[in-house]
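> model the following, please.
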Amino acid sequence: MTLSAQSPPPLLQIVQERLNPGAEQPYGKIEEEIAHLCARMNCPNWYLALASVTLPREVWWLNTYASQADVDRVGQSYARNTALTTAMRELSQGKKGLTSDPIDLMATTPGLRATQHYGSAKAGG
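Alright, predicted model coming up:
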C-alpha cells in the first residue's frame, strides 16, 4: 500500500510487546532472524518496529492496511505460505518468557481511534 504524507492509513494495527528485564539481547536476535526470514520468504506485508530507549523496554509493531479486505488478503497470504508461518511460529517460540503477553489493536481514521482488540499478536509482529 502506498500512502502520501497527506493521507493517514485507513487501518493501523498496533502490537505492543513489553520486554522482561534482561531480555533485550535474546529478543533482538530472534526478531532479526524473523526479519531475515520474512525478507527471504516474501512476507505478505511490511511493518515498522519502534523500540523504546528508556524503561520499561517496549517494542511497538505498526502495520498499515488500505481496508478490511487488505487485512483479510494479508491473513490469507500467511495461511497459504505454510513454510513461512511455520518458521515464524518456531522462531517466535523463543520469545516465550522474554515478553509480557502482546497487546494487539486496530485503529481507524479519522483520528486513529482504537476500534478492536485482537488478543494475542501473530508471530513476528
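> do I have it right that Asp104 meets Leu12?
No: Asp104 lies out of contact with Leu12 (Cβ atoms under 8 Å); the separation is 11.9 Å. For glycine as for every other residue, the C-beta is placed from the backbone atoms N, C-alpha and C.
> roughly how far apart are the residue nearest to Tyr47 when sequence neighbours are not counted and Val74?
Distances taken as Cβ to Cβ, 6 or more residues apart in numbering place Asn63 nearest to Tyr47, at 4.8 Å, with adjacent residues excluded. Counting by Cβ to Cβ, to the nearest Å, the gap from Asn63 to Val74 is 8 Å.
> related to what we said a few turns ago, surely the residue nearest to Tyr47 is in a helix?
No: the assignment for Asn63, made by DSSP: H, G, I helix; E, B strand; the rest coil, is strand rather than a helix.
> quick check: it touching Leu12?
Yes: here Asn63 reaches Leu12: they are 7.3 Å apart, a contact under Cβ under 8 Å.
> these two: which has the busier surroundings?
Higher neighbour count among Asn63 and Leu12: Asn63, with 20 against 17, using other Cβ atoms under 10 Å.
> do a quick rundown of the helices in the chain.
All helices of the chain, identified by DSSP state H, fall at 24-40, 68-80, 82-93.
> ok, back up a step: run through the bridge partners of the residue nearest to Tyr47.
Beta bridges link Asn63 to Gln13 when assigned by DSSP bridges.
> look up how far Val71 lies from it.
Asn63 is 9 Å from Val71, by Cβ to Cβ.
> now swap in Ser92 and tell me
20 Å.
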